[in-house]
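Participant: One predicted model, sequence on top.
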Amino acid sequence: IIVLDARYPCIPGNVANSSTYGFPVRYQTIQGASIDRLLYSRDPDLAKPFIEAALALQEAGVKAISGACGFMALFQKQVAAALDIPVFLSSLLQIPFIHTITGKPIGVLTADASALTPKHFEGVNVSLETPLFVRGMENCPEFSSSILKETGTMDSALIEEEAVREALALQVAHPNIGSILLECSDLPPYASAIQRATGLPVFD
């Protein structure tokens, strides 16, 4: 699992917390790959260290490569082309599958809706004609301060409340959605709460 060079707690259920899994995982941190550099600068120079990190994991014997941030979709094609094992850097890769099995529009809950661009969807071969509705967590005080601004502390109960509130707002604004996809790897710990509140299947 490729992880960003970030400074905040990763609780159980988070992609970047090894206790989330019932099988061995190995992490490779990309030094200098900050949230700002990936989400907001969309720095194309990150492609090289992403590929190097993935190749190092492949050489270490892992069977597949994943990523700990949905915004890594920008580099999915480049990393996959460089490796001999499966690569799935972003949860956004699931969109065609979700749309196929539900036949309905998909609600995407992301860390920051303003930073999620058509290039991210193109990077994982999601047609721009796929019916999607995106809502971000960037205006949620606890999520924004602990995750996006990396204050070093986190009130998980507050983030759960914020995530549920934003998911419900997404559902109210677009009542025809048939599922919710969590782009952000910090949101899976709250997937069950979101599912209970919305009554929709939740993917992460």
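Facilitator: Nice, thanks for sending it over.
Participant: give the contact list for Thr130.
Facilitator: Ile95, Pro96, His99, Ile106, Phe121 (Cβ atoms under 8 Å, 6 or more residues apart in numbering). (Each C-beta comes from the backbone N, C-alpha and C, glycine too.)
Participant: The residues you listed in helices, which ones?
Facilitator: Using DSSP state H, the subset of the contacts of Thr130 located in helices is Ile95, Pro96, His99, Phe121.
Participant: Most widely separated two among the residues you listed?
Facilitator: Distances among those were taken as Cβ to Cβ; the most separated pair is His99 and Phe121, at 12.1 Å.
Participant: Return a ChimeraX selection command for the buried portion of the contacts of Thr130.
Facilitator: Selecting only the buried entries of the contacts of Thr130 in ChimeraX, with 16 or more other Cβ atoms under 10 Å as the criterion:
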select :95,99,106,121
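Participant: between the contacts of Thr130, which is nearest Phe143?
Facilitator: Phe143 lies nearest to Ile106 out of those, by Cβ to Cβ, at 20.9 Å.
Participant: From Asn139, how far off is the closest one?
Facilitator: Going from Ile106 to Asn139 by Cβ to Cβ, to the nearest Å gives 21 Å.
Participant: For the chain, which element, helix or strand, carries the lowest mean pLDDT?
Facilitator: In the chain, no helix or strand scores lower on mean pLDDT, DSSP states H and E than helix 35, which sits at a mean of 86.
Participant: what helix or strand does the most far-flung residue of the chain relative to its centre sit in?
Facilitator: Most distant residue from the mean C-alpha position of the chain: Glu59, 25.0 Å away (Cα atoms, centre = their mean). According to DSSP states H and E, Glu59 maps onto helix 47-60.
Participant: Show me what the mean pLDDT comes to for the lengthiest helix in the chain.
Facilitator: In the chain, assigned by DSSP H, the helix with the most residues is helix 156-173. The pLDDT scores in helix 156-173 average 98.
Participant: Sounds good, over and out.
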